[in-house]
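Participant: what would the 3D arrangement of this be:
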Amino acid sequence: MNHIGQVAFKAVISLSILVTLTFAPRLQAQNSSDFEISKNLEILTSLYKELNTNYVDGANPSALMQTGIDAMLDKLDPYTVFIPESEIEDYKFMTTGEYGGIGSLIHKQGDYVYISEPYEGSPAQKAGLKAGDKIIKINDKSAAGKSVDDVSTILKGQPGTNFKLLVERAGESMTFNVVREKITIDPVPYYGMIGDGTGYIKLTSFTQTASSDVRKAFLELKAKNNVKNLILDLRDNGGGLLNEAVSIVNLFVKKNELVVSTKGKQKDKNRNYETVTEPIDADIPLAVLVNGSSASASEIVAGALQDLDRAAIVGHRTYGKGLVQNVFPLSYNTQVKITVAKYYIPSGRCIQEIDYAHRSAAGTLGHVPDSLITAYKTKHGRTVYDGKGILPDVQTDTATYTSILYNLVSKYIVFDYATQYAAAHPSIPKASEFKIGDADYSDFVSFTEKKGFEFKTSAEKELELIKKAAISEKCWDELKPQYESMLNAMAEHKKKDILENKLDITRMLQQEIASRYYYQKGRIESSLSDDREIKAALDVLGNPIMYSAILDGSYVKADQSKPSKKQN
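Facilitator: Next up, the predicted model:
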């Protein structure tokens, strides 16, 4: 932090505190804690006033205040945040899944922002916008050089209002009149049947309708199919409302079971959350998919179902967020979200991984050390551990992406090819059946060449560092022949990469292309047949002996012992 930032950190706390500063000198200290608060508020008032009056270059009061707020909260956990008035709508979207806008994902490519994926049934789709459209003008004003945030701010707005959008598609300019609507993001973007008798529900967030939407999806699956087992997919679900997590557990767990407890500084934060209604199905074999991005409410659901021996958890260790936040109103239509408690799942464990309360002398944070990890017991006596997220009952191999696949996606080569493919093909089979053949893949290879696609591997980047070091140490002339030989060998290897990684690249292409015709549902459906966690879940659910052994604790694997840092 620079000098001004350091001064700001000492000088500023929050807009809400500033409103009360005038009265700080009049406060009567009730005890030592009250006196310290009163004393420091008075110091803050004086320092802020002197800075604003005397600092040589002048000080922007609002900017100075924001710097101070950010610096202060940075000393706490990342979930305790100040919400300025300008971000209130974004916060509401996180809890309700609703906002006013056109209903489309967007991204930046070069100097322009592109439509990534319109939501099915959204104003964007109704108006005729398609993935791959380059936004040239908005209401006759150039969009060149605008950031994603800039464009997003313009596209969002009061439902019923409209604007004009000029886009470029396949080299042609096209104008659309788009009417904003209230957009509701479905927390269950896809549900369906996988294989013979296994239902599948994808849950992406815990907004206000999450539990009712999961309930609706499950009942519809049962009404139309012979559902023998169920997979609930919580991968990449960062959480949301705690009450919704409890309600989802209640769909599959009997009444009056403890799901989660919260314990905080204030007594009113100490609460037990139990199932309050009879479940819709307390017996169906259940597998829950999780990964490193499954957090908070996702971990409550997965952890509670594991502790109650109600489901087999499949995938990768979860994020490890055992903290609860509440939002408090402040002055001038601002808010603050504060971590008010930790939560504990039925076995009594808290799965919080990062210890935000204790920092090193350098200010760095640490994980809960292995020496403090504690064993707990599930309802049927299985051993589980606290402190490091939810460890799945069945762990799958971590998916790895090669350099070429990462670059083909991040440089929008896959995206651009899907745009070209969709323009040339009016329709495709349904997403689960769509496959691209050898001729299509050869066409894609030619497309990458025309695009001048290039990328650097990790090995090439390491070689560049070696070259710089060799030049610095004056031994470059001796190493140059070996360097160039290795570089040429890598170049030859890279030419083969697009063929050697054909299977993974093909899968990514199929998902991107499927989304052009069937939107998010198509993208998900296209990915199901090659999904390793789904395959593992199907293996578990298809083997009643294995499933029962997981839940009664007789199924034990070597990699599911007490967690260590190496497993993270």
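
Participant: so which strand or helix has T318?
Facilitator: Taking DSSP states H and E as the definition, one finds T318 inside no helix or strand.

Participant: excluding chain neighbours, what is closest to Y401?
Facilitator: D504 (7.4 Å; CB to CB, 6 or more residues apart in numbering). Every residue, glycine included, has its C-beta placed from N, CA and C.

Participant: in the stretch 1-150 of the chain, which spans are helices?
Facilitator: Secondary structure of the stretch 1-150 of the chain by DSSP state H, counting those that start in this stretch: the helices cover 3-11, 15-20, 32-54, 61-73, 88-96, 123-127, 148-155.

Participant: C-alpha coordinates for the fourth one, PDB please?
Facilitator: Right, the one you point to is helix 61-73. Coordinates of each C-alpha in helix 61-73 appear next as PDB, following Å, rounded to 0.1, in the frame of the first residue of the first chain:
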ATOM      1  CA  PRO A  61     -13.400  12.400   0.300                       C
ATOM      2  CA  SER A  62     -15.400   9.500  -1.300                       C
ATOM      3  CA  ALA A  63     -12.300   7.900  -2.800                       C
ATOM      4  CA  LEU A  64     -10.400   8.200   0.400                       C
ATOM      5  CA  MET A  65     -13.300   6.700   2.300                       C
ATOM      6  CA  GLN A  66     -13.600   3.800  -0.100                       C
ATOM      7  CA  THR A  67      -9.900   3.100   0.200                       C
ATOM      8  CA  GLY A  68     -10.200   3.000   4.000                       C
ATOM      9  CA  ILE A  69     -13.200   0.700   3.900                       C
ATOM     10  CA  ASP A  70     -11.500  -1.700   1.500                       C
ATOM     11  CA  ALA A  71      -8.200  -1.700   3.600                       C
ATOM     12  CA  MET A  72     -10.100  -2.300   6.800                       C
ATOM     13  CA  LEU A  73     -12.200  -5.100   5.500                       C
END
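
Participant: what residues go with each domain of the chain?
Facilitator: 3-75, 98-184, 190-398, 403-535 (automatic domain parsing).

Participant: for those domains, which one ends up most surrounded?
Facilitator: Each of the domains of the chain was scored by mean neighbour count; the highest is domain 190-398, a mean of 19, by mean count of other CB atoms under 10 Å.

Participant: quick check: A431 touching G522?
Facilitator: Yes: at 3.9 Å, A431 and G522 qualify as touching, with contact defined as CB atoms under 8 Å.

Participant: who touches both of those two?
Facilitator: A514 (CB atoms under 8 Å, 6 or more residues apart in numbering).

Participant: give the contact list for A459.
Facilitator: Contacts of A459 (CB under 8 Å, 6+ apart): M490.

Participant: quick one: average confidence on the strand or helix carrying it?
Facilitator: Assigned by DSSP H and E, A459 falls within helix 458-472. Across helix 458-472, pLDDT averages out at 88.

Participant: cool, stretch 235-252 as well?
Facilitator: On average, stretch 235-252 scores 97.

Participant: next one: stretch 219-228
Facilitator: 97.

Participant: just how off-centre is it within its chain?
Facilitator: 30 Å (CA atoms, centre = their mean, to the nearest Å).

Participant: just the endpoints, please. Distance across that stretch?
Facilitator: 13 Å (CA to CA, to the nearest Å).

Participant: ok, the closest residue in space to W476 that isn't next to it in sequence to A459 distance?
Facilitator: Closest residue in space to W476, ignoring its immediate chain neighbours: A470 at 4.4 Å, by CB to CB, 6+ apart. According to CB to CB, to the nearest Å, A470 and A459 sit 16 Å apart.

Participant: likewise S526?
Facilitator: 32 Å.

Participant: please, where are all the strands along the stretch 351-500 of the chain?
Facilitator: 354-359, 365-367, 375-377, 383-385, 394-395 (DSSP state E, counting those that start in this stretch).

Participant: among these, which gets the worst mean confidence?
Facilitator: Of all these, the minimum mean pLDDT falls on strand 365-367 (a mean of 67).

Participant: what about the helices in the stretch 201-350 of the chain?
Facilitator: Under DSSP H, counting those that start in this stretch, the stretch 201-350 of the chain gives helices at 210-224, 242-250, 297-307.

Participant: among the ones you listed, which comes closest to M490?
Facilitator: helix 297-307 (40.6 Å; CB to CB).

Participant: the closest one packs against which elements?
Facilitator: Packing contacts for helix 297-307, counted by 3 or more CB pairs under 8 Å, 6 or more residues apart in numbering; DSSP states H and E, involve helix 242-250, strand 258-264, strand 286-290, strand 312-315.
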